[in-house]
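1. okay, sequence plus prediction incoming.
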Amino acid sequence: MAKKLQNIKTIKEMIAGTHRSQTKNSVGMYTGKTHQIRKVGDKWEETINGTIYEIEQKEGFRVKKPKNSIAETINSFLNSFPNCKKDCTCTNPTHLDKKMRTLHGMCFDCVVEMEHELKKQGKFEEYQRNRMKANAEGWLKRAEEDVSLLKQAYTKSSEVVQNAEGEVETWHAKMSPKEFEDTVQKQFNEFKQQFLKNMDEKLSIVDKISYNKLKDQNNDKQDNTDS
């Protein structure tokens, strides 16, 4: 009889919404908003253990990353075009855009516009000269670094542990520092000298073209003044 009365009491409490199973507080790990059914492509933010995460719903899984993370900031900078004009609309960069970003920090269209403006101002030849010189010097510097690494690899002996017993095998250098200087380094120095000579000759040609063009422009202005 007591059990029946207890059951009746439980039913009345459940109908009234006051049963302990309906009013007790639940403690769980989830601290976000009320559970929602997400669609593929949905993006939202959640705070988990004090960190704000950006979450995106994919097909069958979710991608979570900290908001404003250092890695995201770096990737954003590397994928940007910092030297483009303010009203640039390059939101879907092509292969040419990415190539120009490496060279100029701007997209292809902005490079074309910048060079067009330099031609109008009569400064394009100087810009072209500086660009050629910078590219040549950059390439030569990388070549010198490669020769330096090659010298270390060819003239330095090394010891290699062969097994668990600690047996060591010594790998002797392929050539002495003097042998390297007399062969590889000597050949590179000769190449470097010829490379710099060729670069000076090409830059002289650019300077000559620039001079002649400026001279022709001045003559045209003088003719217009005389007429």
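-> The structure has been received and is ready for your questions.

2. break down this structure into its helices, ranges please.
-> 2-16, 20-23, 70-78, 95-104, 108-121, 124-155, 177-180, 186-226 (DSSP state H).

3. for residue 108, the count of nearby residues, please.
-> Here the number of neighbours of residue 108 (other C-beta atoms under 10 Å) works out to 19. For glycine as for every other residue, the C-beta is placed from the backbone atoms N, C-alpha and C.

4. could you report the pLDDT at the closest residue to residue 104 other than its chain neighbours?
-> With sequence-adjacent residues excluded and distances taken as C-beta to C-beta, 6 or more residues apart in numbering, residue 104 is closest to residue 111, at 5.4 Å. We have a pLDDT of 91 for residue 111.

5. circling back: and the helices of the chain, which one's lowest on average pLDDT?
-> Lowest mean pLDDT within those: helix 20-23, a mean of 52.

6. who are the neighbours in contact with the residue nearest to residue 104?
-> For residue 111, the contact set (C-beta atoms under 8 Å, 6 or more residues apart in numbering) comprises 100, 103, 104.

7. go on, residue 173?
-> Residue 173 neighbours (C-beta under 8 Å, 6+ apart): 154, 155, 156, 157.

8. just residue 158 next, same as before
-> Contacts of residue 158 (C-beta under 8 Å, 6+ apart): 170, 171.

9. would you mind measuring from it to residue 147?
-> 20 Å (C-beta to C-beta, to the nearest Å).

10. now swap in residue 174 and tell me
-> Plainly put, residue 174 is 15 Å away from residue 147 if you go by C-beta to C-beta.

11. looks like residue 39 contacts residue 57 (just checking).
-> Yes. At 6.4 Å, residue 39 counts as touching residue 57 under the criterion of C-beta atoms under 8 Å.

12. of these two, who's got more company?
-> residue 57 (16 against 7).

13. for the more buried one, list each beta-bridge partner.
-> residue 62 (DSSP bridges).

14. okay but residue 195 is in contact with residue 140, surely?
-> Yes. The criterion here is C-beta under 8 Å, and residue 195 meets it with residue 140 at 6.4 Å.
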